[in-house]
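> Got a sequence here, can you model it:
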Amino acid sequence: MNTTSTLPDQILNLENLLFSDITRVALPNGKLLALGIAEFFLKNLTDFKILSVLITALFLVGALYLAFVGNLLGSKIEKITGALGKGGKNKNKANKAWLKTKKLLSYGDEGHSKLAVIEADNILDDVLKSANIRGESLGERLKNLNPAQLPNLNEIWEAHKVRNHLVHEPDFSLDSQTALRVISFYEKAFKSLELID
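This next block holds a predicted model:
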């Protein structure tokens, strides 16, 4: 019995050990699928190396782009907070208006609560106008913001919708719990914009 075997025989024996009958699929040229795949990768190894370098470069460019865009968003946030106050007249004006809003809410009745919500919405609109956020209305200005600029943007949208119901639907009822929740959304926005303490 001949104990020496050729390399193809050794590969076939190895393949018999590694692959079950399910994975044995003969290719048209008589080779087994696993050998064909291995041969394909070995023949195209240089191409795969080049492809992996290109993919890595693409991810690197993407990461740099995201870092750049993130910095731009940071600049816009600073622009908004810088334009709004840090102790200037906008902050004083917003503080006075906010105290008036809180006083309206403290009366506890529905009429004053409605006025408080409308006033808070007006304060935010004035603030965004003074920060040169584009739009004809507060709704349009909110569309030009993102959560990086105003962290509770979704809550502000909810509050603004309540305000719109109050203004456009005279029979709209505002219970005290909803009024407190809506006012808290505005308060959170004003604090994030460093307009109130």
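
> Now name the helix or strand holding Asp125.
Following DSSP states H and E, one finds Asp125 within helix 110-130.

> I misspoke; the intended subject was Leu104.
Per DSSP H and E: Leu104 is located in helix 89-106.

> got the contact list for that helix?
Here helix 89-106 makes contact (Cβ atoms under 8 Å, 6 or more residues apart in numbering) with 83-85, 112-113, 115-116, 119-120, 122-123, 126-127, 130, 179-180, 183, 186-187, 190, 194-196. No exception for glycine: its C-beta is placed from N, CA and C like everyone else's.

> Please find the angle between the direction vectors of the helix holding Asp125 and helix 89-106.
For helix 110-130 against helix 89-106, the angle by axes from the mean of the first three to the mean of the last three Cα atoms, to 10 degrees is 170 degrees.

> Show me which residues of the helix or strand following helix 110-130 are buried.
As assigned by DSSP H and E, the chain's next helix or strand after helix 110-130 is helix 138-143. By neighbour count on 16 or more other Cβ atoms under 10 Å, the buried set for helix 138-143 is 138, 141-142.

> Closest to Glu169 out of those residues?
Checking the buried residues of helix 138-143 against Glu169 by Cβ to Cβ gives Leu138 as the nearest, at 17.5 Å.

> For Leu64, see how far away that closest one is.
Distance of Leu138 to Leu64, given as Cβ to Cβ, to the nearest Å: 36 Å.

> just Arg181 next, same as before
41 Å.

> between those two, which one's more packed in?
Using other Cβ atoms under 10 Å, the more surrounded residue of Arg181 and Leu64 is Arg181, with 14 against 10.

> And that one, which helix or strand is it part of?
Assigned by DSSP H and E, Arg181 falls in helix 176-192.

> which other helices and strands contact that helix?
When contacts are defined as 3 or more Cβ pairs under 8 Å, 6 or more residues apart in numbering; DSSP states H and E, helix 176-192 packs onto helix 89-106, helix 110-130, helix 153-168.

> Give the buried residues for it.
179, 182-183, 185-190, 192.

> From those, pick the one nearest Ile50.
Closest to Ile50, out of all of the buried residues of helix 176-192 and judged by Cβ to Cβ, is Ser192, at 47.6 Å.

> my read: the closest one touches Leu153, true?
No. If you go by Cβ atoms under 8 Å, Ser192 and Leu153 don't touch, sitting 10.0 Å apart.

> So, low pLDDT: which residues of the protein?
The model of the chain has pLDDT under 70 over residues 1-37, 68-90.

> how far does stretch 100-120 stretch from start to finish?
This stretch, stretch 100-120, spans 9 Å end to end (Cα to Cα, to the nearest Å).

> Equivalent analysis for stretch 147-160, please.
End to end - Cα to Cα - stretch 147-160 spans 16 Å.

> Could you check it and say which residues are buried?
Neighbour-count burial for stretch 147-160 [16+ other Cβ under 10 Å]: 149-153, 155-156, 159-160.

> could I get the residues you listed as JSON lines with distance to Asn95?
Compiled in JSON lines, the buried residues of stretch 147-160 are given as follows (distance: Cβ to Cβ, whole Å):
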{"residue": "Gln149", "distance to Asn95": "21"}
{"residue": "Leu150", "distance to Asn95": "19"}
{"residue": "Pro151", "distance to Asn95": "20"}
{"residue": "Asn152", "distance to Asn95": "19"}
{"residue": "Leu153", "distance to Asn95": "22"}
{"residue": "Glu155", "distance to Asn95": "21"}
{"residue": "Ile156", "distance to Asn95": "19"}
{"residue": "Ala159", "distance to Asn95": "19"}
{"residue": "His160", "distance to Asn95": "21"}
